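Chemist: Following is a predicted model, sequence given first.
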Amino acid sequence: MANPSSNTPTDGTSPAGANAAQPSPPAAAAPDPVAPVVHKPGDPEVEATFVFVDAVKHGIKGLTVKIEGGGKSETATTGVDGTAVTWTDAKRGQPIKIYVKKKSGDFDLKGTVTPKLDVNNYTIQSPEYHLEAITKLDAEEQLETDLHIPTVKDGEVMTVERLTGELAPFIASKQMVSEIGKVLKDTPTKKKTVTEDPKTHKKKTKIEIEHHYKAVETGKPRTVAMYVLGSRLNYPKSLDVSDAMYKWMQNELNQTLISMKVIKAGDPGIEIAAIKAVTTQEAGGSGFVINGLPKILFERHIFYDLTAPPAPAKGKKPQPHPYAKFPDICNPDQGGYDNGLGKEVFGEVEFEKKLSYEDRHELFQYERFVKAALLDKDAAIRACSWGAFQVIAKPYAEFGYSSPSEIANTCMESIDGHCRLFIAFLKSKDKKSAIASLYNKNWEDFTTKYNGGGWRTTNPDYASNMKRNYENFK
């Protein structure tokens, strides 16, 4: 930047008397340097410099910006020190707009300034520019590079292998990560979707908040607790059951009823309202939790049974259970579903406060599930009820699945996988009679066949809720 207060000799002469007796041969004439522009008080044109820095005042190199105002527009790329451009002919008192080029190629207006002094220096500060301009990485990639933890890219479909593998340490417990001069900054984004009820035509707006974390320089050593369960971990290909999928499920169940000779071809069969009543009761009509993972319910007593040592031979002492020291996830008694109101399960009170009771309950299932998977992955998957219809994966082979992981990954991929699992579950040998109960709208009988006889104790309102849900949808 020109300094109007400094002047240096411009005639190329040496101090008087130096080598005066033997003058040097004349040198070729040098071009006249450009004299600095000196603005006088009251001049209509003034000087304005625009510098872009990050949170700790480091210059942002390589940022494409546009400066526009006073009948002038200039696009520039910031240098090492973050300087974009210096105007010596900015118009005093006239607004100048400052734009930054986004990844899409469009320029985003970041602010407007009005130069009033003879020399004006404007510093535009933002940590986000630093991440994008210096590293050329998005927020997730920056986190992965700086803090050395796995992240989920936008649009990525999670697999149970990755969830219970490289991501497990950051879900099953808090991990302390120390980095020089780095700190996490949560940048949540809101996504709004509007759906219309096909029967009532009422529109319902659903807002999902996705959490994304950026590594921002602080200039000081910092240790942070990493716990990624609240961040977006899965991007399913579809979230809501389509009308076409409801009709497919209806047809599959009706064909089964025909083969069972419960109805004849052409008879009305099972109503879609009855199918909707099931998913509404089982999962609130939604198959995924706020971080994109499918809804699950981890059953610690099933995990206990699946991992128990074989019964001892007669007269032999029974072996101790290998995982008895983890009663929260491995216990002969059913329960332990809730994290408890007020408990800091997620490590940060503020994060806990932002979650509804349902969110806390649902996310807590994955903490328990991943802990169990670190002990025995297949048993942990089988100990869960999965998806929009909460199908227990324990007898996976009876549904035609080759492995427990196939069920989990099917549910990770899309809501259609939840629907196919539901149909496979009902068409299995032990559950087929539940289809007839659903057709006859015998809610208590269906509940017993679908969930077992213990529902009268654990969830006595299940059948009446089914009836009410059906009436709301028919």
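Modeler: Thanks, I have it. Numbers count the residues shown, from 1 in each chain.
Chemist: where does the stretch 51-200 of the chain have low pLDDT?
Modeler: Counting by pLDDT under 70, the stretch 51-200 of the chain shows low-confidence ranges at 54-57, 126-149, 173-188.
Chemist: And the helices in it?
Modeler: Remark: helices of the stretch 51-200 of the chain, listed N- to C-terminal, are 127-135, 139-147, 160-163; assignment by DSSP state H, counting those that start in this stretch.
Chemist: what sits up against the last one?
Modeler: When contacts are taken as C-beta atoms under 8 Å, 6 or more residues apart in numbering, the neighbours of helix 160-163 outside the stretch itself are 150, 171, 233, 293, 370, 373, 377, 381, 405, 408-409, 412. No exception for glycine: its C-beta is placed from N, CA and C like everyone else's.
Chemist: Need these in TSV (columns: secondary structure and distance to Arg162).
Modeler: Converted to TSV, the contacts of helix 160-163 look like this (DSSP: H, G, I helix; E, B strand; the rest coil; distance: C-beta to C-beta, whole Å):
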residue	secondary structure	distance to Arg162
Pro150	coil	8
Ile171	coil	11
Leu233	coil	9
Leu293	coil	12
Val370	helix	11
Ala373	helix	12
Lys377	helix	12
Ile381	helix	14
Ser405	helix	11
Ala408	helix	11
Asn409	helix	10
Met412	helix	10
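Chemist: Would you check which pair of those lies furthest apart?
Modeler: Taking every pair in the contacts of helix 160-163 and measuring C-beta to C-beta, the maximum separation is 20.0 Å, between Pro150 and Ile381.
Chemist: neighbour-wise, which of the two wins?
Modeler: Relative neighbour count places Ile381 above the other of Pro150 and Ile381, with 28 against 16, counting by other C-beta atoms under 10 Å.
Chemist: tally of neighbours for Ala311?
Modeler: Neighbours of Ala311 (other C-beta under 10 Å): 9.
Chemist: whoops, Thr88 was the one
Modeler: Counted with other C-beta under 10 Å, the neighbours of Thr88 add up to 16.
Chemist: Surely it touches Glu47?
Modeler: Yes. Counting by C-beta atoms under 8 Å, Thr88 does reach Glu47; the two are 5.2 Å apart.
Chemist: Next up, the contacts around the nearest residue to Pro309 once chain neighbours are set aside.
Modeler: Excluding its sequence neighbours, the residue lying closest to Pro309 (C-beta to C-beta, 6 or more residues apart in numbering) is Gln319, at 4.0 Å. Neighbour list for Gln319: 309-310, 312 [criterion: C-beta under 8 Å, 6+ apart].
Chemist: By pLDDT, rank those residues and give me the bottom one.
Modeler: In terms of pLDDT, the weakest of the contacts of Gln319 is Pro312, which scores 86.
Chemist: Local confidence estimate at Gly315?
Modeler: In this prediction, Gly315 carries a pLDDT score of 85.
Chemist: That one in helix, strand or coil?
Modeler: Three-state assignment for Gly315 (DSSP: H, G, I helix; E, B strand; the rest coil): coil.
Chemist: got the phi/psi numbers for it?
Modeler: Its backbone dihedrals place Gly315 at phi 80, psi 0, with angles given as degrees, to the nearest 10.
Chemist: same check, this time on the one 4 residues further on
Modeler: Its backbone dihedrals place Gln319 at phi -80, psi 150, with angles given as degrees, to the nearest 10.
Chemist: Quick check: it vs Trp455, distance?
Modeler: When distances are taken as C-beta to C-beta, to the nearest Å, Gln319 and Trp455 turn out to be 33 Å apart.
Chemist: How about Glu252?
Modeler: Counting by C-beta to C-beta - Glu252 and Trp455 are separated by 25 Å.
Chemist: in the stretch 201-350 of the chain, which spans are helices?
Modeler: Ranges of helices within the stretch 201-350 of the chain are 243-259, 272-283, 300-307, 349-354, based on DSSP H, counting those that start in this stretch.
Chemist: okay, those helices in TSV with mean neighbour count and mean pLDDT next?
Modeler: Formatted as TSV, the helices of the stretch 201-350 of the chain follow (neighbours: other C-beta atoms under 10 Å; pLDDT from 0 to 100):
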stretch	mean neighbour count	mean pLDDT
helix 243-259	16	97
helix 272-283	22	96
helix 300-307	20	97
helix 349-354	12	47
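Chemist: For Gly71, find the nearest of the ones you listed.
Modeler: Between Gly71 and the helices of the stretch 201-350 of the chain, the shortest gap by C-beta to C-beta is with helix 349-354, which sits at 48.0 Å.
Chemist: Include distance to Ala76 when you put the helices of the stretch 201-350 of the chain into CSV, please.
Modeler: Supplementary listing: these in CSV, determined by distance: least, C-beta to C-beta, whole Å:
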stretch, distance to Ala76
helix 243-259, 52
helix 272-283, 53
helix 300-307, 61
helix 349-354, 40
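Chemist: tell me what the strand or helix carrying Phe369 is packed against?
Modeler: Using DSSP states H and E, the element containing Phe369 is helix 357-373. For helix 357-373, the contact count by 3 or more C-beta pairs under 8 Å, 6 or more residues apart in numbering; DSSP states H and E identifies strand 296-298, helix 300-307, helix 377-382 as packing neighbours.
Chemist: Much appreciated, bye for now.
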